[in-house]
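**Student:** Here is a sequence together with a model predicted from it:
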Amino acid sequence: MPGVPAQPRRGPVLFTAACTDCRARFELSAGALRLVMGASPRTTFYSFTCPECGAAVRKPAGERIVELLTGGGVRTLRLHSTV
């Protein structure tokens, strides 16, 4: 499952991820990920650069993924809607 910490909380948190372009699987530190939280599930996602092919990867983030990423120290950008 994407976003699941690959190590116990004793050391740095690593997250497993996969590239949608080259299909490589790897571990990323919290600093390599960015979480964007929008007003709806369609605008909430996490992103990273694939260390294998350099592709910019963007994947949807449901409630559980958001919880894991924020708990693991991933930088978060909150989008505000203009009314």
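**Tutor:** Yep, that arrived.

**Student:** Who are the contact partners of residue 75?
**Tutor:** 30, 31, 33, 34, 35 (Cβ atoms under 8 Å, 6 or more residues apart in numbering). Bear in mind the C-beta positions are built from the backbone N, C-alpha and C, glycine included.

**Student:** what pairs with the last one across the strands?
**Tutor:** Using DSSP bridges, the bridge partners assigned to residue 35 are residue 46, residue 76.

**Student:** before we move on, the earlier item: just the buried members of the contacts of residue 75?
**Tutor:** 30, 33, 34, 35 (16 or more other Cβ atoms under 10 Å).

**Student:** ok, back up a step: tell me the one among the contacts of residue 75 nearest to residue 17.
**Tutor:** residue 33 (7.7 Å; Cβ to Cβ).

**Student:** any idea how far residue 68 is from the closest one?
**Tutor:** The gap separating residue 33 from residue 68 is 11 Å, by Cβ to Cβ, to the nearest Å.

**Student:** Point to the residue nearest the middle of the protein.
**Tutor:** Nearest residue to the geometric centre of the chain (Cα atoms, centre = their mean): residue 46, 3.9 Å.

**Student:** isn't that residue right next to residue 61, touching?
**Tutor:** Yes. Counting by Cβ atoms under 8 Å, residue 61 is a contact partner of residue 46 at 4.8 Å.
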